[in-house]
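**Q** This is a predicted model, with the sequence first.
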Amino acid sequence: MDKLLNGLERIGNKLPHPFILFIALAGLVAISSFFLSLFGVTAVNPQTKEVVEIKNLISGDGLQYALTSMVDNFVKFQPLGIIIVVMFGIGLADKVGLMGTLIHYTVAKAPNSLLTFVIFLVGITGSIASDANYLILIPLAAMIYHSLGRHPLAGAAAGYGAAGAGYDVSFLITATDAIFSGITTEAARLIDANAYVSPVDNYYFSAASVIVLAVVGTLIVDKVVEPRLKRTITIDNTYISPPEIKNITRAEKKGLKYAGIATIIFFSILIAIVYPDTSSLRNQEGGLLPSPLITSVVAILFLYFIMVGLVYGKAAGVIKSKEEIPERMAEAVKELAPTLVIFFVISQFIAYFKWTGLGELVAVNGSIFLQNTGFTGMPLAVAFIITAAIVNVFMTSGSAQWALMGPIFVPMLMMVGFEPAFIQALFRIGDSTTNIISPMSPYFAVALVNMQRYKPDMGIGTLMATMLPISMGFLFFWTLFLLLWSWTGLPIGPDIYMNSN
């Protein structure tokens, strides 16, 4: 196990920072376009019968395009505006303490018989809180397990597994949904200029997955992980000095109560607005698919989290003046700075990939190869999930990984009949499940440090062995769930199915 981990760590450490990686990829696109255009490489799109020609980025026209489009490539990058607006709202709710208090309150109140299930339910849904989900849930779950006489490492494993292996799904629309849908839209437009993937296009499948993963995670931890830990690792209470479980104050309870009331009022008003057939949020035929309601999800999400954040902050006494509101929103957006820097180079890479014609060329030739070999349908879907899961071990940034894989695989799989939002759903599975066994993940060390509070000599090999059953269990059963979901013909989101119409 140690040799495997050391090998993974060596390979992962050799990978450049995503910023450098996408600069290198943009350079590769330029060089490839030069040679392919020089030799007159073309392809015929089997759907439109149009000839795909390569434009040389290392030319006068290419230089002109690269310089004149640089700002537009970034400003018009689909995920950019979406993630900033979403983080204004979610960030405010997080900065006033709503997310952390909700996680503490929900898990601490769970009965022993349902504890593991609640941890997975809260941890998976809590991905909306990003870093706070890991930093709060892992030590909290370990402490509660220990206080109940259960194995604390099993609690930490449950918290880490929930927050990491189920990161890409939630009962709520999250910042991840906004980023992924934006990148998928950009990738799909390499061959369809009118393509659009909404943040809610995976919602039905994502919400259902939360329940499935919570059940699977509970069974694996309670029946496999904890019994094994009890047999192999004895906890010596002499050396334990875990932090104290935070007590929810009366003001925080009041804040949660008022936030709950505000949630009911908000969605009651939204339903009242949408309910009439003549609602301005419905389409011209009076339907909801598609409609302005679906395309307004980001704005609705922003308004909701701003409202509950303000209500909680005022009721809990966290927000004492109006001036604090924009300050806390700004704090949340400051944390996006590294993401925005990476988005800049990603947007240039995708734009060059599209302008040169390389994206369509790869999609056409790749789809022809898949069709000629007969490797399509469900076997192809499973192969893509496994590919994403393997790549995720070495590149744990979901947005960077999808920005790398999306422009290649989305157009290609679209040309063999897959809906772009369905391809995105496949990626979610691979991108989530192996987070918890990757030494490159920043939260791998967080989990290890929290476990070492109970077992000071615990190493990364033990952590890997502890998390592997959860990772592989999620990968197998989540993939199986998606296959069953598709087989029944159910939509994965509003009017979104496996195959394009």
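**A** Done, it's in.

**Q** Point out where the stretch 401-501 of the chain drops to low pLDDT.
**A** Scanning the stretch 401-501 of the chain for pLDDT under 70 picks out 501.

**Q** so residue 170, which of the three states?
**A** Secondary structure, DSSP: H, G, I helix; E, B strand; the rest coil: residue 170 is coil.

**Q** mind checking how far residue 465 is from residue 187?
**A** According to C-beta to C-beta, to the nearest Å, residue 465 and residue 187 sit 36 Å apart. (Glycine included, C-beta is placed from N, CA and C.)

**Q** In terms of neighbours, single out the busier of the two.
**A** For the pair residue 465 and residue 187, the greater number of neighbours falls to residue 187 (31 against 17), based on other C-beta atoms under 10 Å.

**Q** could you say what helices and strands the helix or strand where that one lies packs with?
**A** Using DSSP states H and E, residue 187 maps to helix 175-188. Judged by 3 or more C-beta pairs under 8 Å, 6 or more residues apart in numbering; DSSP states H and E, helix 175-188 is in contact with helix 78-95, helix 337-355, helix 398-414, helix 420-433.

**Q** what does the longest one rub up against?
**A** Defining contact as C-beta atoms under 8 Å, 6 or more residues apart in numbering, one finds that helix 337-355 is touched by 18-19, 22-23, 25-26, 29-30, 33, 55, 57, 65-66, 69-70, 73-74, 77, 79-80, 83, 183, 186-187, 189-190, 359-360, 397, 399-400, 403, 407.

**Q** and the angle from that helix to helix 78-95?
**A** 160 degrees (axes from the mean of the first three to the mean of the last three C-alpha atoms, to 10 degrees).

**Q** State the mean pLDDT of helix 337-355.
**A** Mean per-residue pLDDT for helix 337-355: 93.

**Q** Just list what the helix or strand following it packs against, helices and strands only.
**A** Using DSSP H and E, the helix or strand that directly follows helix 337-355 along the chain is helix 358-373. Packing partners of helix 358-373 (3+ C-beta pairs under 8 Å, 6+ apart): helix 18-38, strand 42-44, strand 51-53, helix 398-414.

**Q** average model confidence for helix 358-373?
**A** In this model, helix 358-373 carries a mean pLDDT of 88.

**Q** orientation of that helix relative to helix 337-355 in degrees?
**A** Here helix 358-373 points in a direction 70 degrees away from that of helix 337-355 (the same axes, to 10 degrees).

**Q** can I get the CA coordinates of helix 358-373 in PDB?
**A** Output in PDB follows, covering the C-alpha atoms of helix 358-373 (Å, rounded to 0.1, in the frame of the first residue of the first chain):
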ATOM      1  CA  LEU A 358      -9.200  21.200 -33.300                       C
ATOM      2  CA  GLY A 359     -12.200  20.700 -31.000                       C
ATOM      3  CA  GLU A 360     -14.500  19.700 -33.900                       C
ATOM      4  CA  LEU A 361     -11.800  17.600 -35.600                       C
ATOM      5  CA  VAL A 362     -11.100  15.600 -32.500                       C
ATOM      6  CA  ALA A 363     -14.900  15.200 -31.900                       C
ATOM      7  CA  VAL A 364     -15.600  14.000 -35.500                       C
ATOM      8  CA  ASN A 365     -12.700  11.600 -35.700                       C
ATOM      9  CA  GLY A 366     -13.300  10.300 -32.100                       C
ATOM     10  CA  SER A 367     -17.000   9.700 -32.800                       C
ATOM     11  CA  ILE A 368     -16.300   7.900 -36.100                       C
ATOM     12  CA  PHE A 369     -13.800   5.700 -34.300                       C
ATOM     13  CA  LEU A 370     -16.300   4.900 -31.500                       C
ATOM     14  CA  GLN A 371     -19.100   4.100 -34.000                       C
ATOM     15  CA  ASN A 372     -16.900   1.900 -36.200                       C
ATOM     16  CA  THR A 373     -15.700  -0.100 -33.200                       C
END
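
**Q** Any buried residues in that helix, and which?
**A** The neighbour-count check on helix 358-373 (16 or more other C-beta atoms under 10 Å) flags 358-364, 366-368, 370 as buried.

**Q** Turn those residues into JSON lines, columns for distance to residue 255.
**A** Below are the buried residues of helix 358-373 laid out as JSON lines (distance: C-beta to C-beta, whole Å):
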{"residue": "358", "distance to residue 255": "52"}
{"residue": "359", "distance to residue 255": "48"}
{"residue": "360", "distance to residue 255": "52"}
{"residue": "361", "distance to residue 255": "55"}
{"residue": "362", "distance to residue 255": "51"}
{"residue": "363", "distance to residue 255": "50"}
{"residue": "364", "distance to residue 255": "55"}
{"residue": "366", "distance to residue 255": "52"}
{"residue": "367", "distance to residue 255": "53"}
{"residue": "368", "distance to residue 255": "58"}
{"residue": "370", "distance to residue 255": "53"}
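
**Q** closest to residue 302 among those?
**A** Lowest distance from residue 302 to the buried residues of helix 358-373 (C-beta to C-beta) belongs to residue 359, with 31.4 Å.

**Q** Nothing else from me, thank you.
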